[in-house]
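**Student:** Take a look and give me a structure for this.
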Amino acid sequence: MESWYVIQVLSGKENKVKKNLEENIKRSNMESSFIEIIIPIENMQEVKRGEHKIVEKKLWPGYMLLKMEFNDDTWSLIKNTNGVIDFLGGAKPTPLTQKEVNDILQELEEKKKGVGHKHKFEVGDTVKITEGVFVNFVGTVTEINHEKGKISVLVSIFGRDTRVDDLEFWQVEQVSKDDIKS
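**Tutor:** Now for the predicted structure:
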């Protein structure tokens, strides 16, 4: 009986490992033991230097899902595939429960329907400016324009609040309140 398993692979090499795995499965004539291989991804919108791009982002870098029949042969094939680190669960991998599988597949289906934003800024967030005239200034987000990829930040200069407009998302980074105090 087939079940879903999670395997850990080299981070950043998920697509290559999936290809290696598919080739090994075919070469070993074990197609009937492997039902599906999934690299969980979502589409993200990025704006860089005013240019909009949709990019695929891995939801779980370094991991992929396999629906397969687990036996000594399939275990060995996976363990000996270039780029595979191990099964989640180590020497005795445990399949995902049906509820876990349903939740994961539902989340992936929802992510396919839309495009997320790479930058998750909200009005009131504390950010540090990393590029431009106000580099290293820390301030508060006052306005966000996702369509243009721009953000406005209120910084304190010589004790006076000054609004810095038209910063691009890539020109700021989110900081926590703890980072400011240290």
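**Student:** so what does the longest helix anywhere in the chain touch, helix or strand wise?
**Tutor:** Criterion DSSP state H: the longest helix present in the chain is helix 98-113. For helix 98-113, the packing partners by 3 or more Cβ pairs under 8 Å, 6 or more residues apart in numbering; DSSP states H and E come out as strand 41-48. Bear in mind the C-beta positions are built from the backbone N, C-alpha and C, glycine included.
**Student:** Show me what the mean pLDDT comes to for the strand it packs on.
**Tutor:** For strand 41-48, mean pLDDT is 73.
**Student:** and what of stretch 58-73?
**Tutor:** Mean pLDDT, stretch 58-73: 92.
**Student:** Where does the prediction get shaky in the chain?
**Tutor:** 46-52, 114-119, 177-182 (pLDDT under 70).
**Student:** What ranges does it have for its strands?
**Tutor:** Per DSSP state E, the chain carries strands over the ranges 2-9, 34-38, 41-48, 51-58, 63-69, 84-87, 116-117, 126-129, 138-145, 150-157, 160-168, 172-174.
**Student:** want to throw these into a markdown table with distance to Leu77 and mean neighbour count?
**Tutor:** As requested, the strands of the chain are exported to a markdown table (distance: least, Cβ to Cβ, whole Å; neighbours: other Cβ atoms under 10 Å):
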| stretch | distance to Leu77 | mean neighbour count |
| --- | --- | --- |
| strand 2-9 | 11 | 20 |
| strand 34-38 | 9 | 15 |
| strand 41-48 | 24 | 16 |
| strand 51-58 | 23 | 12 |
| strand 63-69 | 9 | 19 |
| strand 84-87 | 10 | 16 |
| strand 116-117 | 35 | 14 |
| strand 126-129 | 47 | 19 |
| strand 138-145 | 48 | 16 |
| strand 150-157 | 48 | 17 |
| strand 160-168 | 46 | 14 |
| strand 172-174 | 42 | 17 |
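**Student:** Next, format those as CSV and append distance to Asn15.
**Tutor:** CSV is the format used below for the strands of the chain (distance: least, Cβ to Cβ, whole Å):
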stretch, distance to Asn15
strand 2-9, 10
strand 34-38, 11
strand 41-48, 10
strand 51-58, 9
strand 63-69, 10
strand 84-87, 14
strand 116-117, 20
strand 126-129, 32
strand 138-145, 32
strand 150-157, 32
strand 160-168, 29
strand 172-174, 28
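**Student:** out of those strands, which comes closest to Glu107?
**Tutor:** strand 41-48 (9.1 Å; Cβ to Cβ).
**Student:** Which stretch among the strands of the chain approaches Asn102 most closely?
**Tutor:** Among the strands of the chain, strand 2-9 sits nearest to Asn102 (Cβ to Cβ), with 10.2 Å.
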